[in-house]
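Participant: Sharing a model prediction with you, sequence too.
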Amino acid sequence: MDKYRVTLTAEERAELEPLVSCGRAAARTLTHARILLLADDSRGEDRGDEQIVDALGTGLRTVARVRRQLVTEGFDTALHRRRQPPRPDTIKIKGDVEQRLVELACSDPPKGRCHWTLPLLADELVVLGPVDRIGLETVRLALKKPTSSRGSSSPGASRRTRTPSTSGGWRT
């Protein structure tokens, strides 16, 4: 594996030195800034990855990754962390499909069955056409916690009522 050569410009070095000396940034950003400053070849000091690991207490792969990111992707990418891609929706069944699933689950099961099962519901949804394919876990999650509630803001089938005390405690 070839080692990527880090050569910082004067502007990049001028940006990194106050960042490291001040110490007011994310820990990962400070670590990457220190790695870049120690790995810089423009000052004539050729430090290997092992020396940088010993000086900073980071991992060897981290030093190699920061070097590679600087050379291939640029200064900002090497210094700052990448943003995570957006997470997919946790609720995959919405609207009409959810309503159709609930109606199906509340209806009478097919002949020869005493109740609906998740595979039966998933297969029936595909046959009826609201979806092309659907997983059992998606059906389970949609039935477990529907997004709509009939008339009550609290989850559950019945409202909680206060139970009168039977302890016969003293009243003052």
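Facilitator: Perfect, thanks for sending it.

Participant: Next up, phi/psi of the residue most central in space within the chain, please.
Facilitator: Nearest to the mean C-alpha position of the chain, by CA atoms, centre = their mean, lies residue 87 at 5.8 Å. When read as degrees, to the nearest 10, the backbone of residue 87 gives phi -80, psi 150.

Participant: Give me the distance between stretch 104-121 and the centre of its chain.
Facilitator: 35 Å (CA atoms, centre = their mean, to the nearest Å).

Participant: Give me the distance between the two termini of it.
Facilitator: One end of stretch 104-121 to the other measures 7 Å (CA to CA, to the nearest Å).

Participant: now swap in stretch 97-116 and tell me
Facilitator: OK, stretch 97-116 end separation, CA to CA: 17 Å.

Participant: taking the mean pLDDT, what do you get for it?
Facilitator: Per-residue pLDDT over stretch 97-116 has a mean of 90.

Participant: I'd like the distance from it to the chain centre, please.
Facilitator: For stretch 97-116, the distance to the chain centre is 34 Å (CA atoms, centre = their mean).

Participant: Give the buried residues for it.
Facilitator: Across stretch 97-116, burial judged by 16 or more other CB atoms under 10 Å covers 97-98, 100-101, 104-105, 116. For every residue, glycine as well, the C-beta is placed using N, CA and C.

Participant: So which of those are in helices?
Facilitator: 97-98, 100-101, 104-105 (DSSP state H).

Participant: Contact partners for residue 84?
Facilitator: Counting by CB atoms under 8 Å, 6 or more residues apart in numbering, residue 84 makes contact with nothing.

Participant: Sketch out the low-pLDDT regions of this structure for me.
Facilitator: The chain contains residues with pLDDT under 70 at 1-2, 90-91, 145-172.

Participant: All the helices of it, in order from the start?
Facilitator: Residue ranges of the helices in the chain, as given by DSSP H, are 10-22, 27-39, 49-56, 60-72, 75-79, 96-106, 118-128, 136-144.

Participant: which one of those is the most hemmed in?
Facilitator: Mean neighbour count (mean count of other CB atoms under 10 Å) peaks for helix 27-39 among these, with a mean of 19.

Participant: and that one, what other elements does it pack with?
Facilitator: Applying 3 or more CB pairs under 8 Å, 6 or more residues apart in numbering; DSSP states H and E, we find helix 27-39 packed against helix 10-22, helix 49-56, helix 60-72, helix 75-79.

Participant: make it 6 Å
Facilitator: Helix 27-39 sits against helix 10-22, helix 60-72, with contacts defined as 3 or more CB pairs under 6 Å, 6 or more residues apart in numbering; DSSP states H and E.
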